[in-house]
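J.: one predicted model, sequence on top.
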Amino acid sequence: MLIKLRNHFDLKAFEITPKTVFHQRRTFLKAAAVAGGALIGAMAPVHARGINFAGVAKSKWSEAALSEHDQISTYDIATEYNNFYEFGTDKGDPARYAGRLKTKPWTVNIDGLVENPGTYSFQDLVRPHQLEERVYRFRCVEGWSMVIPWVGIPLTDVIKRLGPTGSAKYVAFETLLDPKQMPGQRRRVLDWPYREGLRLDEAMHPLTLLAVGLYGEELPNQNGAPIRLVVPWKYGFKSIKSVVRITFTDTQPPTSWNMSAPNEYGFYSNVNPLVDHPRWSQAWERRLGGETNIFGFVPKRPTLFLNGYEEDVAALYAGMNLAKNY
Ligand code: MTE
């Protein structure tokens, strides 16, 4: 990330003011309603994409690794403090500028080593009955984290329908390339389009989600509408937004941050408090949009191995040296 190290826990946005307290209360209620299902269920309309977000059930994977210390982050922080460099590098830029992105209609190209390649519409790819709500920890490599209730479809369900061939070992993802709609792409901050990749078994792990909503609503553009990846045991930058291409391949695909700074960002990017970023520790994090201490600050908390999902995903990395494969 293009971190201004001087201030990489940029917490100005979280100073407590009556306004933020108000928003927190409102959004906490909203989050609680999502968790409870019923309240929102009574109010929410069926969405224009034909998705009744309110009717989406929680899956057994929801809250898989959460504890009572994992309060759901406020809606406002999740949708106003973002990384989406296609719209600028300031945390507020995505909320400010992503509104101009046209997400309807939306298609995703499927290619490479797969039995059913082609151009799929959002509706072809996302079957409403397969949607689930998943409350996940989300840890950014910059040292902050959130707890977000996503709505999405397990990527494995999509992959099974697409039918990778026997030689496919990796899945590569690309974000839309359109500098007219994405002004940040006019600057060569990264080698556009934004690219990410997973090993096929990581992509097919039941925790890996293609998210289309959060907090019981459609994804706001700044969060990667209409469809983005969420891989809860990896640093946030693996969770690529506004995906337009999914490619099955037999070789490890290039990824944006690895191309930009290979010594800082590896292909795996698993959350690992034991492997520091070359310029800062990864042992601690600050949970945003949640509890503050008596001074109104967000305290540091220890980062958990594989972001707390160790029990579920550690087997994927059995025998691997995770300091080397960072
Ligand atoms: N995807 C695209 N296309 N462009 C980006 O700049 N930023 C990544 C990831 N996905 C990014 C992206 C980073 S660094 C993080 S931490 C998360 O999105 C942030 O997701 P959020 O804004 O929904 O919290």
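T.: Sure thing, it's come through.

J.: around the ligand, which positions in this protein sit nearby?
T.: 1, 82-86, 140, 175, 194, 223, 236-237, 239-242 (C-beta under 6 Å from any ligand atom). Every residue, glycine included, has its C-beta placed from N, CA and C.

J.: just give me the least confident of these.
T.: The lowest pLDDT within the residues of the chain next to the ligand belongs to residue 1, with 73.

J.: how many residues are close by it?
T.: Residues lying near residue 1 (other C-beta atoms under 10 Å) number 20.

J.: any idea where the helices of the chain begin and end?
T.: For the chain, the helices defined by DSSP state H cover 18-36, 38-43, 75-80, 93-97, 122-125, 155-162, 200-203, 256-260, 310-313.

J.: check contacts around residue 117.
T.: Neighbour list for residue 117: 110-111, 162 [criterion: C-beta atoms under 8 Å, 6 or more residues apart in numbering].

J.: quote the end-to-end distance of stretch 179-198.
T.: End-to-end distance for stretch 179-198: 26 Å, by C-alpha to C-alpha, to the nearest Å.

J.: go on, stretch 288-295?
T.: End-to-end for stretch 288-295, by C-alpha to C-alpha: 15 Å.

J.: show me which residues of that stretch are buried.
T.: 288-290, 292 (16 or more other C-beta atoms under 10 Å).

J.: would you format those as a markdown table with distance to residue 228 included?
T.: A markdown table is the format used below for these (distance: C-beta to C-beta, whole Å):
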| residue | distance to residue 228 |
| --- | --- |
| 288 | 19 |
| 289 | 19 |
| 290 | 22 |
| 292 | 28 |
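
J.: mind putting the residues you listed into TSV with pLDDT?
T.: Compiled in TSV, these are given as follows (pLDDT from 0 to 100):
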residue	pLDDT
288	96
289	94
290	89
292	89
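
J.: what is the neighbour count of the spatially closest residue to residue 177 that is not a sequence neighbour?
T.: Spatially, and ignoring its direct neighbours in sequence, residue 177 is nearest to residue 193 (4.0 Å; C-beta to C-beta, 6 or more residues apart in numbering). If you count neighbours by other C-beta under 10 Å, residue 193 ends up with 20.

J.: sorry, back to before: reformat the contacts of residue 117 as CSV; add pLDDT.
T.: Putting the contacts of residue 117 into CSV (pLDDT from 0 to 100) gives the following:
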residue, pLDDT
110, 98
111, 98
162, 98
